[in-house]
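Colleague: Sequence and predicted model, in that order:
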Amino acid sequence: MPTFSGKRPSAIAYRLAHPRCIDSLVRNIMSLAQMFDPTDTGCYVVVWRGIEEDDSIMWSPAVGVAVGKVAPEKMAKYARLAQEKAERLAANPEHIASFQTRDETDPANPKYPGAVRMDLDHIIISCSGFDWKFDEMVGIEIGLFLRLISVERVRDLMALSSNEHAERRYAKHN
């Protein structure tokens with residue numbers, strides 16, 4: 001079940017909180033991910049919301065939900081990684097994806113891609129549980145469905161990360 005923080009989650013957060021909404025969108029990507037790795041059976045998705053205060057944006061998690069079958073021993077790890085990706089992206093306002101600050105050289109503290117900044121409503125969508133390219137596609141898929149991300153932003157993301165799976169899936173948006 002999704003969890004909320006803050007006093008008034010946005011209408012988007014309410015819509016995403018409906019388990020069937022995120023579940024059906026992520027399952028579209030999960031079926032693609034399973035073609036490459038049949039053990040990819042679930043993930044953890046977080047949505048961060050930014051609220052303008054004075055001259056800055058205060059970011060906080062709005063929704064967090066497990067989708068599919070996530071092994072209990074992996075749940076905390078996926079949730080932690082999804083949160084870390086979103087937090088890292090929020091800390092870099094000029095970036096549109098956590099891909100831009102990835103760093104897998106430190107095995108004790110890796111920084112994986114998989115979070116995407118929407119270009120509407122100060123929203124970041126992050127996922128962990130699949131290969132990073134599919135994690136990234138979860139954010140794009142949800143953003144397109146909710147009309148939070150523009151076609152131009154999707155193009156920018158595909159060019160930035162050279163995500164061939166996203167390029168194939170979203171070629172119709174070019």
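Modeller: That came in fine, so what should we check first?

Colleague: tell me the helices in this structure, going along the chain?
Modeller: Taking DSSP state H as the test, the helices found in the chain are 11-17, 19-36, 72-90, 132-145, 151-161, 164-169.

Colleague: need the contact list for residue 136.
Modeller: Contact criterion CB atoms under 8 Å, 6 or more residues apart in numbering gives 97, 99, 113, 114, 115, 116, 127, 157, 161, 163, 166 as the residues in contact with residue 136. Quick note: C-beta positions are derived from backbone N, CA and C, even for glycine.

Colleague: If you average pLDDT over each of the helices of the chain, which is lowest?
Modeller: Across the helices of the chain, helix 11-17 has the smallest mean pLDDT, namely a mean of 61.

Colleague: For the residue nearest in space to the middle of the chain, name its beta-bridge partners.
Modeller: The central residue of the chain, meaning the one whose C-alpha is nearest the mean C-alpha position (CA atoms, centre = their mean), is residue 126 at 2.2 Å. Beta-bridge partners for residue 126, by DSSP bridges, are residue 46, residue 115.

Colleague: how about the most far-flung residue of the chain relative to its centre, phi and psi?
Modeller: Distance to the chain centre peaks in the chain at residue 54, reaching 26.8 Å (criterion: CA atoms, centre = their mean). Main-chain dihedrals, residue 54, degrees, to the nearest 10: phi 60, psi -120.

Colleague: For residue 149, see how far away it is.
Modeller: Distance check for residue 54 against residue 149: by CB to CB, to the nearest Å, it reads 27 Å.

Colleague: go on, residue 51?
Modeller: According to CB to CB, residue 51 and residue 149 sit 19 Å apart.

Colleague: Now residue 122: closest residue in space, sequence neighbours ignored.
Modeller: Of all residues beyond its chain neighbours, the one nearest residue 122 is residue 50 (3.2 Å), with distances taken as CB to CB, 6 or more residues apart in numbering.

Colleague: Look up how far residue 93 lies from that neighbour.
Modeller: According to CB to CB, residue 50 and residue 93 sit 9 Å apart.

Colleague: Compare neighbour counts for these two and give me the winner.
Modeller: When neighbours are counted by other CB atoms under 10 Å, residue 50 and residue 93 differ, and residue 50 comes out ahead with 18 against 12.

Colleague: Quick check: pLDDT value at that one.
Modeller: Residue-level confidence at residue 50 comes out at 90, pLDDT.

Colleague: same thing with the one 10 residues further on?
Modeller: pLDDT for residue 60: 87.

Colleague: Return the distance of it relative to residue 93.
Modeller: Relative to residue 93, residue 60 is positioned 15 Å away (CB to CB).

Colleague: again, but for residue 81
Modeller: The separation that residue 81 has from residue 93, given CB to CB, amounts to 21 Å.
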